[in-house]
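>>> Give me a 3D structure for the following:
(2 chains)
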Amino acid sequence: MSRILLTLAITFGIVFTLGLWIPLKAMVAQELLTLAWAESQARLQLGESAQPLIVLAGAHGESLAFGPGHVTGSAEPGMRGPVVIAGHRDTHFRGLETVDIDSTIRLQSRSGKWSDYRVTQLRVADSRQEAMNLATMPDNSLLLVTCYPFNSIDNQGPLRYLVEARKVEPSPARATAGPNRQGLADTGF
Amino acid sequence: MQSNALSREMTSRASETRCSGPARQSRWLAVVEGISLWLAVLLFFFLQSVVAEASEQEQRGQDSAGALHFIDQESGRKQPATLLQTDYKVEVGGLIANTRLVQSFENTSQQWQEGVYVFPLPAQASVYSLKMTAGERVIIGEIQTRDEARRQYEQAKSEGRQAAKVDQQRPNLFTTRLANIPPGETVSVELRYQQAVRYQSGEFELRLPTTLTPRYIPGVVMAEASAPVSWQGGWAAPTNEVPDADAISPLTVLPQDVAATSHRANVELQLNAGLPIGSVTSSSHGLTSTWDGNTVIVVPKTGAILMDRDLVVRWAPVRGQAPSAAVFHETWQGEDYLMTMLVPGLDNTDSLPRELVFVIDTSGSMAGESIRQARASLLRGLDTLSVDDRFNVIQFNSQTTSLYGDARPASIANLNQARRYVRGLGADGGTEMAGALDVALNGQAPEQGGYIRQVVFITDGAVGNEAALFRKIQDQLGDTRLFTVGIGSAPNMHLMGEAARFGRGTYTAISDLNAMEQPLDELFSKMQSPVLADIVTDWGADTGHDVLPRRPGDLFRGEPMIQIIRGRAPHGDVTVSGRLPDGSAWRQSLPLHEAASAKGLHRHWAREKINLLMDSSLSGHINEDDQNEVTRLALAHQLVTRYTSFIAVDKSPVRPTGMPVATDHVPTLLPAGSEHAMLRYPQTATPAALLMALGLIGLLPCIALMMLRRRVFE
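A predicted model of the protein is given here:
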């Protein structure tokens, strides 16, 4: 009897560990990636003080387990065109919950150059009803995608939380940097 | 494999059990232990496969960008949404084509649904009838003002009654809404519309659009962006330039994202031109044509066609019988309507030196087959230039850039440079057409040399701010002439036609890279040859009649002059006069008593009249008188316009109160050959929380039990 109990306990223990392993893997992977690649990867910083995250290629399960994924089909960071990056809401992109309008997101291209993006819009999309139309997004935009609601237990949910940001030109001109949300012009969303 | 191993294990254990007696109990325990261990291992593998399946689903979701599935609230199972079947039956009589379009919506879910479907119709289509069929019940729709139709529809929807509504969003873009489709049932909507058949260079052309290229929406989003905004269907938010963006941008998906039977159209055309038809061709689909006297029945070779491209059908009369004039007559509510067509038999080949400005759309919607067609068209256009001409190439996406600051002579070196430039063009970014129009229209031809300035605009027209562009053309045209070339499987023909009309040029459409020579050569030869200008028609002594269009535009080679008049009896003559390029006068008369009877002329007249009134809205806000006049005409002639909609409402409710109704936005298919610019949102949550919860739920009672036992044994 006690052995059955033990077996059951071990089984559920494994399940629990698997659950724990996912965020742990996500955390450790980022550290290891940082050690391994140093400066040659795209990176994303979700706030002034946040730890930069290494962005991996592709937004499929295998890459998202280790870091935010650059959505294939959108422009590479640093290239011309809209950039779309997806991440798991319960690991790397948990911090998106606290990102506000007008806060700054920093993105480093593979060449090592950092660009600042200013958040222009936060919204929730239903992935059953809409898709990302890159053709309607401005060239200097960055779209971060994660699941919504943040504390849901359902990992197949249809809702997505979208953070849209526009690149702040490094020139001192205040054309796009002002507090007005002019930066949102023609996002098409 | 594992189950095999398990059974082997079990049989070996069982054979061991048989042999000895005293150690039976401990053996039993060992067996149970073995089995439970194996079960644990199996459970582990099972969980592993669940996780693997989930990630596989993620990946599949990634590939099938934009699939429209909805998740059943109760079971959480994925199901395909509303299925769509359409059926076009077109009857062509004279210059007017009448179409009966049936759209069937099949609700395959367990829930009551509202279906919303944005669909294209031919440019300037006049929708004049609506019928809803739900099971045995047939409801005839009636025309109402748009607001009244919306009110009745919303009321019916909330009361659980079935209702259908058809609105016009653009002259070539309509929306069907169908409330309360019962689970598992099909409701169909039957529309009737008519359109004018295009006739030029001795060939008739009819275009049946089945899908639309996703429109680019310029402007600043109007929605307040401070808090997360929840979204209802459609991906575009209203902007200051396109306030109805959400109504004209349906979700666009690939054919494999819809059920295998959905988004298929049955088409049958009955051509009755009133004269022997020599040939029927199509650049878009393979056709089977059956002759029966002067009537030809045309169906696509493959049966039902996939709704991912326009169906283009051309037919020509038997050689030598191409009509150069025609008169049609109809009496409707005691009033006479006459439609005349006249092709001036001009074949002048004198050409003046030109300044030709090519404008090519290199926005994201052109990616794929479209940009190849556009580049090939432009290269062909460059070939038509002669040494005396000047030219420039302008490309636009989010920005406008041009090859030269000012037009340059078409020397061999310049042309070679232009060809290299054109071959290197890619497609990416937005469609900011206004800037390109500014650059193209504001350039000035040099005073000396008497250059004719012409702009060739090569685009798929995938923009939402058409009216603003027409206004721009109207304001800035000057002496320039604007010609449009529609590109892709589903170009916005409303934009092509109207831009050319405001630009005093002509339009053409290319749908296939292999069959582009003929339409392009026709266009470029038209542009080279002079036109008949200052056309005036004299309808005789009768006054008080209403001729449309009031002033016919200039005519290019092979083009007919078409006018429609209300309140003119079919007797006497109509005289058409104009000025030839060399300054001499041209004149021709048509006897009206030869008129053949036709149907639907009054609707064509009303549509032209409405267009005329709506043109004035380009200068800004349409005034109230015009708006009332449009509404009055639309109600009288039973037409769907910007201010009037068709609505069919059932009397008795079918949906029990308390049952929820979900809204399903039926997607349209991505035009064939376009690159998919829409990506599906990736799956962005891990099963970590679920696994941890599951583990804890199991683990806690186990630990509790173990501790309890330990205490008992102590």
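>>> which sections of chain A are below the confidence cut-off?
A:1, A:37-41, A:73, A:128-131, A:135-136, A:170-189 (pLDDT under 70).
>>> Need the single longest helix in it, by residues.
Assignment by DSSP state H gives helix A:2-37 as the longest helix of chain A.
>>> Any buried residues in it, and which?
The neighbour-count check on helix A:2-37 (16 or more other Cβ atoms under 10 Å in any protein chain shown) flags A:4-9, A:11-16, A:18-19, A:21-23, A:26, A:29-30, A:33-34 as buried. The way it works is simple: take the backbone N, C-alpha and C, and place the C-beta from them, glycine included.
>>> Can you give me the distance of B:V640 to B:D147?
The gap separating B:V640 from B:D147 is 14 Å, by Cβ to Cβ, to the nearest Å.
>>> meant to ask about B:D388, not that
58 Å.
>>> and if you look at A:A57?
For A:A57, the distance to B:D147 - Cβ to Cβ - is 51 Å.
>>> Neighbour count: the two, which is higher?
Set side by side, A:A57 and B:D147 show more neighbours around A:A57, with 14 against 11, by other Cβ atoms under 10 Å in any protein chain shown.
>>> Quickly list what that one is bridged to.
A:H70 (DSSP bridges).
>>> Stretch A:46-55: end-to-end distance?
12 Å (Cα to Cα, to the nearest Å).
>>> So for it, what gets flagged as buried?
A:L46, A:P52, A:L53, A:I54, A:V55.
>>> Let's see which of those end up in strands.
Per DSSP state E, strands hold the following members of the buried residues of stretch A:46-55: A:L53, A:I54.
>>> from the buried residues of stretch A:46-55, which is closest to B:V712?
Set against B:V712, the nearest of the buried residues of stretch A:46-55 by Cβ to Cβ is A:L53 (51.3 Å).
>>> need the contact list for the closest one.
A:L53 makes contact with A:Q30, A:R43, A:L44, A:Q45, A:L46, A:G67, A:P68, A:G87, A:H92 under the criterion Cβ atoms under 8 Å, 6 or more residues apart in numbering or on different chains.
>>> contacting residues around A:A125?
A:L159, A:R160, A:L162, B:W231, B:Y681.
>>> just B:R264 next, same as before
B:R264 touches B:Q85, B:T86, B:A304, B:I305, B:L306, B:M307, counting by Cβ under 8 Å, 6+ apart.
>>> hang on, the first one packs against B:E106?
Read it as B:Q85. Yes - with contact defined as Cβ atoms under 8 Å, B:Q85 counts as touching B:E106 (7.3 Å).
>>> In three-state terms, label the residue of chain B found nearest chain A for me.
Taking Cβ to the nearest Cβ, chain A has its nearest neighbour within chain B at B:G695, 2.6 Å off. At B:G695 the chain is in helix, as set by DSSP: H, G, I helix; E, B strand; the rest coil.
>>> Settle this for me: it is touching A:I10, isn't it.
No - counting by Cβ under 8 Å, B:G695 does not reach A:I10; the two are 10.9 Å apart.
>>> per-residue pLDDT, B:A413?
B:A413 carries a pLDDT value of 92.
>>> do you know how far it is from B:T211?
43 Å.
>>> For these two, work out which one has more neighbours and name it.
B:T211 (25 against 9).
>>> Secondary structure element holding that one?
Counting by DSSP states H and E, no helix or strand carries B:T211.
>>> Whatever residue of chain A ends up closest to chain B - nearest residue in space that isn't next to it in sequence?
Here the residue of chain A nearest chain B is A:F16; by Cβ to the nearest Cβ that distance is 2.6 Å. In space, A:F16 comes closest to B:G695 once its chain neighbours are excluded; the distance is 2.6 Å by Cβ to Cβ, 6 or more residues apart in numbering or on different chains.
>>> Please name the residues that touch B:V296.
Contacts of B:V296 (Cβ under 8 Å, 6+ apart): B:Q270, B:L271, B:I277, B:V280, B:S289, B:T290, B:W315.
>>> secondary structure class for it?
Classified using three-state DSSP, B:V296 is strand.
>>> could you say which helix or strand contains the closest residue to it other than its chain neighbours?
Nearest non-adjacent residue to B:V296, counting by Cβ to Cβ, 6+ apart: B:L271, 4.4 Å away. According to DSSP H and E, B:L271 maps onto strand B:264-272.
>>> Against which helices or strands is the helix or strand in which B:M707 is found packed?
Secondary structure from DSSP H and E places B:M707 in helix B:688-713. Packing partners of helix B:688-713 (3 or more Cβ pairs under 8 Å, 6 or more residues apart in numbering or on different chains; DSSP states H and E): helix A:2-37.
>>> now the helices for the chain?
I'll assume chain A. A:2-37, A:61-64.
>>> that's the other chain; I wanted chain B
Going by DSSP H, chain B shows helices at B:2-19, B:24-63, B:146-158, B:245-248, B:369-383, B:412-423, B:433-442, B:466-476, B:493-502, B:517-528, B:601-615, B:624-637, B:688-713.
>>> how about those helices, which one is nearest B:Y117?
Distance to B:Y117, taken as Cβ to Cβ, is lowest for helix B:245-248 among the helices of chain B, at 11.9 Å.
>>> Just give me how far the closest one sits from the chain centre.
13 Å (Cα atoms, centre = their mean, to the nearest Å).
>>> Repeat that for stretch B:264-271.
Counting by Cα atoms, centre = their mean, stretch B:264-271 comes out at 18 Å from the chain centroid.
>>> Buried by neighbour count: which residues of that stretch qualify?
B:R264, B:A265, B:V267, B:L269, B:Q270, B:L271.
>>> State the distance from the last one to B:Y88.
Relative to B:Y88, B:L271 is positioned 14 Å away (Cβ to Cβ).
>>> Alright, that wraps it up for me.
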